[in-house]
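Chemist: mind folding the following:
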Amino acid sequence: MSTSVTAQALAPILIIEDEASVIAFLRAALERKGYKVANASSGQDGLDLLKTGKFGGVISDIRMPGTVNGAEVHAWIQEHRPELASRIILISGDTANSETQSLLRRSGTPCIEKPFRVQH
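Modeler: Presented below is the predicted three-dimensional model:
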């Protein structure tokens, strides 16, 4: 079975990111591979969707404006949606930050450093 056929059968990937250009980039890359995509522009919006929606995975920025950041989204998923705990990818433009390093070290969650690009 091809990757895109398998991807289409899955629930959407939830992108939680405050930068519209990053959402557009990730959406295009994922959809090109056959994934369905949903997005939230803040951590709180992401949690609201996670409380009621079914998702195949989550890609979340670590640092976002507002009351809920990516670390808090990550912690909420660990507690309330454990089936997604191994299907999270974090993204960050600030991986040198000690809080970010601590989260990544403690959680073992994969992180992609911004800026990034997708190979075709």
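
Chemist: contacts and neighbour counts: CA atoms only from here.
Modeler: Fine.

Chemist: residue 111 touches residue 93, doesn't it?
Modeler: No. Contact criterion CA atoms under 8 Å: residue 111 and residue 93 do not qualify, at 10.1 Å.

Chemist: the more surrounded of these two?
Modeler: residue 111 (18 against 14; other CA atoms under 10 Å).

Chemist: need the nearest residue in space to the more buried one, chain neighbours excluded.
Modeler: Counting by CA to CA, 6 or more residues apart in numbering, residue 90 is the residue found nearest to residue 111 once chain neighbours are left out, at 4.6 Å.

Chemist: backbone dihedrals for the one you found, please?
Modeler: phi -100, psi 150 (degrees, to the nearest 10).

Chemist: likewise residue 19?
Modeler: phi -90, psi 120.

Chemist: which residues does it contact?
Modeler: Neighbouring residues of residue 19 by CA atoms under 8 Å, 6 or more residues apart in numbering: residue 41.

Chemist: tell me which residues of the longest helix seen in the chain come out buried.
Modeler: In the chain, assigned by DSSP state H, the helix with the most residues is helix 20-32. Neighbour-count burial for helix 20-32 flags 22, 23, 26, 27, 29, 30, 31 (criterion: 16 or more other CA atoms under 10 Å).

Chemist: what sits closest to the fourth one if chain neighbours are left out?
Modeler: To tie it back to what came earlier, the one meant is residue 27. Per CA to CA, 6+ apart, closest to residue 27 is residue 37, 6.3 Å.

Chemist: how near is that neighbour to residue 24?
Modeler: According to CA to CA, to the nearest Å, residue 37 and residue 24 sit 10 Å apart.

Chemist: what does residue 84 give?
Modeler: Distance from residue 84 to residue 24, by CA to CA: 23 Å.

Chemist: hang on, residue 84 packs against residue 74?
Modeler: No. Here residue 84 does not reach residue 74: they are 9.7 Å apart, not a contact under CA under 8 Å.
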